[in-house]
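**Student:** sequence first, predicted model second:
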Amino acid sequence: MKAMVLCAGLGTRLRPLTERWPKPAMPLLGQPLLRYHLAVLKAAGVTAVGINTHHLPDTMAEVARAECERAQLPLHVVHEPVIQGTGGGIRGLREFLSGDDFLVFNGDILYPVDLRPAVAMHRASGAVATMVLQAMPEGEKYAAVELDASGHVRRIAGHGPGGEGLTPWHFTGVHVMSPRIFDFMTPEGPEDINREVYVRAMQAGQTVRGVRVDGYWSDLGTPSRYLATVLDVLAGRVRLEWLGADAPGPSWVHPEARVGTKSVEGPVYLGRGATVAEGASVGPGVSVGAGAKVGTGARVQRAAVFEDTEVAPGETLTEVLAWGTHRIPAPLSGR
């Protein structure tokens, strides 16, 4: 089985971080976000992965090659000079994907779940596509996927045939698709898989199903959500150990990190070559990336300090993402 990870997005809500990394390549507790995706996909039975690139394509391709080599998964890369949207992005990998049912995974989420039951249900159903869903997160305003009593999708973000007695669900950003879905795509140009391609398929009498897969899910698309995800992992609210030995746990300190102070309060993550100077205070809820330095007398709590960033002596960081000279507010009330 093959899979595609959507990697072409611009990441505008995470600027300036996304001026350095495409979202799937961003570091999350010592490893690119893409590494978590590949672990989930490989556990689901995926044997080869494709990605699309647009924003910072060389960086994205370089990270993907390294991570796929590490995961022992062959990689197929398609570059989009003009961004094609989710539907157009999948269409661009048609030749790679069309031999069998395949998975599509959003590149900017953390969703460490077992997808094998969803794949099995899709194969048994004969549906043209299956959307992986969860209960709508409390207080969020994500567009709803509405199902009928038999589990058929009837409306997505207000688009589709509709019907009576529909139940709203949250779309996780993961799909299982039959190659028949390509029949409902336009020959060229940008298009949305959910609001356009699936709607055409439903209107033509094809079945798009929804299947619920519970587990931790986070969209890392804003500074607040990125930081909240870091804190959730550090606090042990996310099961990552089954993804491999490199999955960090609470209060993980790399052997090559240097800590010159006793004022470190877990949960924290200190990466390779990170330095915490004498008299600094770090934690709780802090990630300090590889090669980053926390100066004398600095106070850092509920924050993520990216690789090679220096926190100045005496500087205070709270609910902030720090990269280079940038200090990006990440209020947890705004997650």
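**Tutor:** Structure's in. What do you need? Source: prediction; values computed, not measured.

**Student:** and the closest residue to residue 132 other than its chain neighbours, which of the three is it?
**Tutor:** When the adjacent residues along the chain are set aside, residue 132 lies closest to residue 174, with 4.0 Å between them (Cβ to Cβ, 6 or more residues apart in numbering). For the C-beta atoms, the positions are set from N, CA and C on the backbone; glycine is no exception. Using DSSP: H, G, I helix; E, B strand; the rest coil, the structure places residue 174 in strand.

**Student:** for residue 174, name its beta-bridge partners.
**Tutor:** Here residue 174 shows beta-bridge partners residue 105, assigned using DSSP bridges.

**Student:** can you tell me how far it is from residue 129?
**Tutor:** Distance, residue 174 to residue 129, by Cβ to Cβ, to the nearest Å: 11 Å.

**Student:** cool, and residue 238?
**Tutor:** 27 Å.

**Student:** with neighbour numbers in mind, choose between the two.
**Tutor:** residue 129 (26 against 19; other Cβ atoms under 10 Å).

**Student:** correct me, but that one touches residue 209?
**Tutor:** Yes. Taking Cβ atoms under 8 Å as the definition, residue 129 is a contact partner of residue 209 at 7.4 Å.

**Student:** where do the contact lists of those two overlap?
**Tutor:** Common contacts of residue 129 and residue 209 (Cβ atoms under 8 Å, 6 or more residues apart in numbering): residue 122.

**Student:** show me where the stretch 1-150 of the chain has strands.
**Tutor:** Under the criterion DSSP state E, counting those that start in this stretch, the stretch 1-150 of the chain contains strands at 2-6, 27-28, 31-32, 48-53, 75-79, 102-106, 109-110, 129-134, 144-147.

**Student:** and these: which comes nearest residue 169?
**Tutor:** strand 129-134 (4.1 Å; Cβ to Cβ).

**Student:** given the closest one, what are its sheet partners and their directions?
**Tutor:** Strand 129-134 is paired, per DSSP bridges, with strand 167-177 (antiparallel), strand 208-212 (parallel).

**Student:** can you list the residues that contact the shortest one?
**Tutor:** Counting contacts by Cβ under 8 Å, 6+ apart, the residues outside strand 208-212 that touch it are 117-118, 121-122, 125, 127-135, 145, 147, 151-153, 169, 198, 201-202.

**Student:** returning to that earlier point: wait, which of the strands of the stretch 1-150 of the chain is closest to residue 315?
**Tutor:** Nearest of the strands of the stretch 1-150 of the chain (Cβ to Cβ): strand 27-28, 20.9 Å.
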